[in-house]
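Novice: Give me coordinates for this.
(2 chains)
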Protein chains: 2
Amino acid sequence: MIPNVPFEVSIEYVQLLRQAVEEKESEFIRSSMDGVLPADITSVLEELEAEECKYVLQQLDMEVSAEILAELQEDLRKDFLSYFKDEELAAYLEEMDSDDAVDILNELSLEDREKVIAYIHSEEKISNILDLLRYDDDCAGGLMAKELIKVNYNWNVVQCIEEIRRQAENVEKVYTLYVVDDADKLMGKVSLKKIILASDHVRIKDLYDSEVVSVETYLKEEEVSQIMRKYDLEVVPVVNLRGTLVGRITIDDILDVITETVEEERQMMAGISEDVEEADSVWVLSRARLPWLVIGMGGGMLAAQFMGMFDSDISLVPALATFVPLITATGGNVGLQSSSLVLQSLANPSIFEDKLLKRLWKVLLVALMNGLVLSTCVFVINYFVGQAILLAVVVSVALFSVVLLASLLGTITPIVMDKLDLNPALASGPFITIANDLLGLGVYFSVAHLLFF
Amino acid sequence: MIPNVPFEVSIEYVQLLRQAVEEKESEFIRSSMDGVLPADITSVLEELEAEECKYVLQQLDMEVSAEILAELQEDLRKDFLSYFKDEELAAYLEEMDSDDAVDILNELSLEDREKVIAYIHSEEKISNILDLLRYDDDCAGGLMAKELIKVNYNWNVVQCIEEIRRQAENVEKVYTLYVVDDADKLMGKVSLKKIILASDHVRIKDLYDSEVVSVETYLKEEEVSQIMRKYDLEVVPVVNLRGTLVGRITIDDILDVITETVEEERQMMAGISEDVEEADSVWVLSRARLPWLVIGMGGGMLAAQFMGMFDSDISLVPALATFVPLITATGGNVGLQSSSLVLQSLANPSIFEDKLLKRLWKVLLVALMNGLVLSTCVFVINYFVGQAILLAVVVSVALFSVVLLASLLGTITPIVMDKLDLNPALASGPFITIANDLLGLGVYFSVAHLLFF
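Specialist: So this is what the prediction gives:
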């Protein structure tokens, strides 16, 4: 018998819960989780094995467990779904918003998907799900939910309230009512506040706000996110090409999009090739890190071959080799700075952006200035350290050229990648490091060979 | 006379607008902007000079121009406010939500702030503003707005609707009503949907939802953001230490926090020391980039001094120098991967996180695996390229050690920085590059000297 402790998101509670699952103490599970917010239960369940997790879910209200299932991390949920029978899963999907149900269905094989859908009872839910399955994951159609409250612009306030009552169970959070014409074309919106304050027989057409920002089904998720941020929207209606209202996207889905984009960018910049986190297994982490390390190694071996061509120069003037880290590191730093500035512009696109040539011209000016400062500093230091003047000149000239070249390369690469529909963050990772190392060494040894030998 | 074109966010429109400002064609400005969303007008105004911008604002509705002023980019707005008289600014602030008004006041000098506040007429607005000015920018108190609708839990639905009517003008977007007791202590919330569907004389105490997630005024903005994301909230009530309801934070403010955090991280990782963007001037951009480049240069010069100690080794075996780029680049790549994984964990904190020692142990295992793969590859390549076996051994041993050390350094540094309340992203930038270069060279030449000479 497990003592009657309250729910708390803690390791101790996870242990008690495990014990309760093992001993099938459903009473402990139910009572300790009573009234707890689903997001908190989710945090705890993510620490359990899939089979334990299923047992806990079965003890809870259908509505609560459906919400938890929708919130679980994707990799855990996949593992987890294999323990469910098709009809069990269908029952949960029936409780969810259509967009969450479709997200889960998309994680199944085509065959399993069909089977699960066959077990769903509500005709409306099935038609909503089939409709949403048509859209790509990463566009407005793939993000939207079908659950919303729409009212005809010929109705009056009483009819609206009737419609809210009818839909109340399906639509959990009501932000705004969408106003449509007889053909379901989106005409505008009306806030619940206005409905509350209006008298019963006012017509919607005299009440509604025709200035409504909407997005079309095919719009990319990044663009939806930019629009919702720009206009401070918590929810945006989605229309098809004919202007018919087909769904709505809520800000919580957009927050997920933003978080994923940020994590993807961070991993690309760091040269990690899979979506991993510290908590993943050693094997998964190694596998995610190796590809770029191996490519980097290839770059390093190429650099070694290249420098090998200057073997005799190096053995004559070994001090030449000692400035290699300065040259490669500066190239890397400058390149990284340049590409990050481009990434930032790409993340916050403006229609008033400068033309490419003007941007490059500016990059060049900045590089000239920074290159001048750095190479002068290096020259002065080398002079005072007592380095040979000729070597000091070589190092400074090469450094200056590397700053210029790395700036241009770091600016152009992400722009080109973006144009090719590749993730521009890739250009800021090990790729730019390798390119800059080879470029820097090339410039340095060419200058040295010309001036020295 | 300017032709009567419709408003469009385009360069052409900006030019027409400039012309209209110059010729004081207020009619053109008013008619082309009629019914346009404030966010679109803001985009266009950000292309104008501060003085032109002021003239345009003066032609618009007070409510619209106040919203635009609240949305303008901070640097532009600062410039812009210098053209306003204290009483003009006060009139705009009077139209804004208290949190936006306070953001603007915080951009003024203490003296100007007092003067502007003195011109505000509404006693309630003044008291709200003075209350908010007490909080730090980066905590829940500094993010919240005072405008919200609260209802007493003893009231009935009719009294609630009266309160909504009374507050309708102050509170633009009503998401939820907050339920308080006689001492203004937060008891729960009730949705507008429930109010609409309930009959008139139902009491709030029988209707409200006591499970409400709230945040305390002193909570850091990152934590507020995590809470709102976790529980999918569009708005969260703020309470003081006694549990009294003092304000609310809306998701649009949190989106700004997230965007700023992301940009700060990106700039830190890239070694850019100020908040700049591509559109800034050459001078500002150079200044933002130089500090880290100079520090990187310092690192490079140190590396040169260090390698200089091995001058005689290098002139005997010049091939030794050719592997320097491989060693430094691999160290840099591994360090960057490690620190990014830590950054990601810090951005998504979990209470179920592994202990530091367990984390480091895992990092070590991953590094062992990757180090083994890389050094074996390098050895095999060197063997087939016909490199001297002894040199091949030196390079592989050094590479293996560098992978291990860079992994540990890349993991520990951001964790330590975070504990010291410094931005851990700093650890992923040029800092880790320099540390890894020096470390890598140290290991490499020590190993070489031991085995060779």
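Novice: and residue A:179, helix, strand or coil?
Specialist: What DSSP: H, G, I helix; E, B strand; the rest coil gives for residue A:179 is strand.
Novice: Quick check: it touching residue A:150?
Specialist: Yes. Counting by C-beta atoms under 8 Å, residue A:179 touches residue A:150, with 7.4 Å between them. For the C-beta atoms, the positions are set from N, CA and C on the backbone; glycine is no exception.
Novice: Those two: which is more packed in?
Specialist: Of the pair residue A:179 and residue A:150, residue A:179 is the one with more neighbours under other C-beta atoms under 10 Å in any protein chain shown, namely 26 against 17.
Novice: Residues that sit against both of residue A:179 and residue A:150, list them.
Specialist: Among the neighbours of residue A:179, none is also in contact with residue A:150 (C-beta atoms under 8 Å, 6 or more residues apart in numbering or on different chains).
Novice: The closest residue to chain B within the stretch 301-450 of chain A is in what secondary structure piece?
Specialist: The minimum distance from the stretch 301-450 of chain A to chain B, using C-beta to the nearest C-beta, falls at residue A:326 (2.8 Å). Using DSSP states H and E, residue A:326 maps to helix A:324-347.
Novice: could you give the mean pLDDT of that helix?
Specialist: For helix A:324-347, mean pLDDT rounds to 90.
Novice: Give the next helix or strand downstream of that helix.
Specialist: helix A:356-385.
Novice: report the angle between the axes of that next one and helix A:324-347?
Specialist: 150 degrees (axes from the mean of the first three to the mean of the last three C-alpha atoms, to 10 degrees).
Novice: in the next helix or strand after helix A:356-385, what's buried?
Specialist: Proceeding N to C from helix A:356-385, the next assigned helix or strand is helix A:389-419, under DSSP H and E. For helix A:389-419, a neighbour-count test (16 or more other C-beta atoms under 10 Å in any protein chain shown) marks A:391-415, A:417-418 as buried.
Novice: so how far is the strand or helix carrying residue A:321 off the chain centroid?
Specialist: Per DSSP H and E, residue A:321 falls inside helix A:319-322. Centroid separation for helix A:319-322 versus its chain: 44 Å, with C-alpha atoms, centre = their mean, to the nearest Å.
Novice: Next, see if that helix gets close to chain B.
Specialist: Yes. Contact check for helix A:319-322 against chain B, using C-beta under 8 Å from any C-beta of the partner chain: residues in range are A:319, A:321, A:322.
Novice: What about the closest residue in space to residue A:159 that isn't next to it in sequence, how many residues nearby?
Specialist: Computed as C-beta to C-beta, 6 or more residues apart in numbering or on different chains, the closest residue to residue A:159 that is not its neighbour in sequence is residue A:151, at 7.3 Å. Per other C-beta under 10 Å, the neighbour tally for residue A:151 reads 24.
Novice: check contacts around residue A:196.
Specialist: Residues near residue A:196 by C-beta under 8 Å, 6+ apart: B:161, B:164, B:192, B:195, B:196.
Novice: so what pLDDT did the residue of the stretch 151-300 of chain A found nearest chain B get?
Specialist: Closest approach between the stretch 151-300 of chain A and chain B, counting by C-beta to the nearest C-beta: residue A:300, at 2.8 Å. Per-residue confidence (pLDDT) for residue A:300: 92.
Novice: Check the gap between it and residue A:294 for me.
Specialist: 10 Å (C-beta to C-beta, to the nearest Å).
Novice: the more surrounded of those two?
Specialist: Using other C-beta under 10 Å as the criterion, residue A:300 and residue A:294 rank with residue A:300 on top: 28 against 14.
Novice: residues in contact with residue A:396?
Specialist: A:375, A:376, A:378, A:379, A:382.
Novice: Next, the angle helix A:389-419 makes with the helix holding residue A:326.
Specialist: Angle, helix A:324-347 to helix A:389-419, by the same axes, to 10 degrees: 30 degrees.
Novice: Can you tell me the closest non-neighbouring residue to residue A:270?
Specialist: Nearest non-adjacent residue to residue A:270, counting by C-beta to C-beta, 6+ apart: residue B:340, 3.5 Å away.
Novice: How many residues are close by the one you found?
Specialist: Neighbourhood size, residue B:340 [other C-beta under 10 Å]: 24.
Novice: my guess is it contacts residue A:268, does it?
Specialist: No. Under the criterion of C-beta under 8 Å, residue B:340 is not in contact with residue A:268, lying 9.7 Å apart.
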